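Trainee: Could you work out the structure for the sequence below:
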Amino acid sequence: MSLKKILFITTGGTIACVRTPQGLRPVLSSGELLAHLPGLAKLCQPDTLALCSIDSTDMSPAHWLDMARAIEENYDRYDGFILCHGTDTLAYTAAALSYLVQNAAKPIILTGSQQPISNEITDAKKNLRDSVICALDPRSHGVMVVFGGLVIAGTRAKKNKTISYDAFASVNFPHLAQVQGDRLVHYIQTPLPEGPVQFSHALDQRVFLLKLTPGMRPDLLPAIFQLYDCVIVESFGAGGIPESLMEGFARGLGRYEDTHKVLIMTTQVTYEGSDVGIYEVGRRVKDQFAFLEAHDMTIEAVITKSMWLLAQKCDHFQELQEKFYRQINFDTFYH
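Mentor: Below you'll find the model as predicted:
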């Protein structure tokens, strides 16, 4: 039986770093990176594609589109894809690829490490090997994060530790599987695609995340709505907007069919999600604005899904609403 062909797409990040007088820099080539896994050729037929070599702090939507394009151009040639990525924005990239590449019958795995692969003590080799084990499993498909032995849906990953090897958690949803040695133990089976793989080629970056703080002044709102078409409000607790900001939001939003301005309500609380209708401060938002609510979605999923949706130019709010609430790669369970 021939070994599966896996394409390793490298982008830099800690996993490819070496120590310099100026600090860690991602300088290892794709070949140098995989050379640290000498037994890899016994597991699969590896190929490499170097898209960039950057700290993931510099990752942008343009890079996400490059990754999706690379997967599309090579989709028929490989059995799976492993993207090596810096950890700081890995959750954003995993969410973005979940929307840009849908109905994939092949695994698209993102991984990285907390320590460079060239270090004597590192988590990079395990994360890479675990990613291969996951990619080779016939039940694996779609966008996933493999890190610290866990397999997490691409829309549910969040980095919640800066140093520890178990840096990523699956937020408001169980992890899909766990790598145990050479075995992949599945807990949740991802449904098989019902149609062919679909690739999107555009993202609209006019999305702004507004984190509410006590006493925030309303005079910043006109500038925000002038520059951005979608404002995601990271509110307190279950969700709501301070009374002092209500008029500013009303003026900035207007009627969607006239302005194409979108308000999305979410929460600063990591777990359990938003429910804007519980308190009076939330109900007055419901009474005055047409808005979307993130509920159990991660902020990374909300931001990237918004960029993907805005690029589709929905003419009516109902159309936008239906697309936002449609579940993609386990991103929400409220509608």
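Trainee: Please make it C-alpha for all contacts and neighbour counts, starting now.
Mentor: Will do.
Trainee: wait, residue 135 sits on residue 80?
Mentor: Yes - with contact defined as CA atoms under 8 Å, residue 135 counts as touching residue 80 (5.9 Å).
Trainee: Quickly list what's touching both of these two.
Mentor: Shared contacts of residue 135 and residue 80, defined by CA atoms under 8 Å, 6 or more residues apart in numbering, comprise 6, 107, 108.
Trainee: The last one belongs to a strand, doesn't it?
Mentor: Yes - in this structure, residue 108 lies within a strand as judged by DSSP: H, G, I helix; E, B strand; the rest coil.
Trainee: which residues touch it?
Mentor: Neighbouring residues of residue 108 by CA under 8 Å, 6+ apart: 80, 81, 82, 83, 135, 141, 142, 143, 144.
Trainee: Report the contact partners of residue 295.
Mentor: Neighbouring residues of residue 295 by CA under 8 Å, 6+ apart: 266, 273, 274, 275, 332, 334.
Trainee: Model confidence for the closest residue in space to residue 148 that isn't next to it in sequence, exactly?
Mentor: Among residues not flanking residue 148 along the chain, residue 166 sits closest, at 4.9 Å (CA to CA, 6 or more residues apart in numbering). On the pLDDT scale, residue 166 is placed at 96.
Trainee: Could you number the chain from 20 rather than 1 from now on?
Mentor: Understood, numbering begins at 20; the last thing we discussed is residue 185.
Trainee: count of neighbours near residue 140?
Mentor: Counted by other CA atoms under 10 Å, the residues lying close to residue 140 total 10.
Trainee: Only the buried residues of stretch 173-184, if you could.
Mentor: Neighbour-count burial for stretch 173-184 flags 173, 174, 175, 176, 177, 178, 184 (criterion: 16 or more other CA atoms under 10 Å).
Trainee: dump the residue contacts of the first one.
Mentor: When you say that, I think you mean residue 173. 110, 113, 114, 116, 117, 162, 163, 164, 348.
Trainee: now, which of those sits nearest residue 192?
Mentor: Set against residue 192, the nearest of these by CA to CA is residue 348 (11.3 Å).
Trainee: Regarding that closest one, which helix or strand does it belong to?
Mentor: Counting by DSSP states H and E, no helix or strand carries residue 348.
Trainee: which residues touch it?
Mentor: By CA under 8 Å, 6+ apart, the neighbours of residue 348 are 117, 161, 162, 172, 173, 174.
Trainee: Pick out the most distant pair among these.
Mentor: By the measure CA to CA, 161 and 174 form the most distant pair in these, at 10.9 Å.
Trainee: and for those two, which residues touch both?
Mentor: Taking CA under 8 Å, 6+ apart as the criterion, residue 161 and residue 174 both touch 117, 348.
Trainee: Pull the contacting residues for the closest residue to residue 317 other than its chain neighbours.
Mentor: The shortest distance from residue 317 to any non-neighbouring residue, by CA to CA, 6+ apart, is to residue 175 (6.3 Å). Residue 175 sits next to 110, 114, 188, 189, 190, 191, 192, 316, 317, 320, 349, 350 when contact means CA under 8 Å, 6+ apart.
Trainee: Next step: the residues you listed restricted to strands.
Mentor: Per DSSP state E, strands hold the following members of the contacts of residue 175: 188, 189.
Trainee: from memory residue 174 sits against residue 109, does it?
Mentor: No - Residue 174 lies out of contact with residue 109 (CA under 8 Å); the separation is 10.9 Å.
Trainee: And the helices in this structure, which stretches?
Mentor: Taking DSSP state H as the test, the helices found in the chain are 49-53, 80-93, 109-119, 143-155, 240-246, 262-272, 275-278, 299-307, 318-329, 336-344.
Trainee: picking that back up, could you dump the shared contacts of residue 154 and residue 99 into TSV with distance to residue 274 added?
Mentor: Compiled in TSV, these are given as follows (distance: CA to CA, whole Å):
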residue	distance to residue 274
25	48
126	41
127	39
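Trainee: quick one: which of the contacts of residue 348 is nearest residue 134?
Mentor: residue 173 (21.9 Å).
Trainee: Quick check, pLDDT for the closest one.
Mentor: The per-residue pLDDT of residue 173 was computed as 98.
Trainee: What backbone torsions are found at it?
Mentor: phi -60, psi -20 (degrees, to the nearest 10).
Trainee: Okay, it and residue 250: tell me how far apart.
Mentor: Going from residue 173 to residue 250 by CA to CA, to the nearest Å gives 23 Å.
Trainee: One more: residue 33?
Mentor: When distance is defined by CA to CA, residue 33 is 32 Å away from residue 250.
Trainee: same thing with residue 191?
Mentor: 23 Å.
Trainee: Of those two, give the one with the bigger neighbour count.
Mentor: Between residue 191 and residue 250, counting by other CA under 10 Å, residue 250 is the more crowded of the two (24 against 18).
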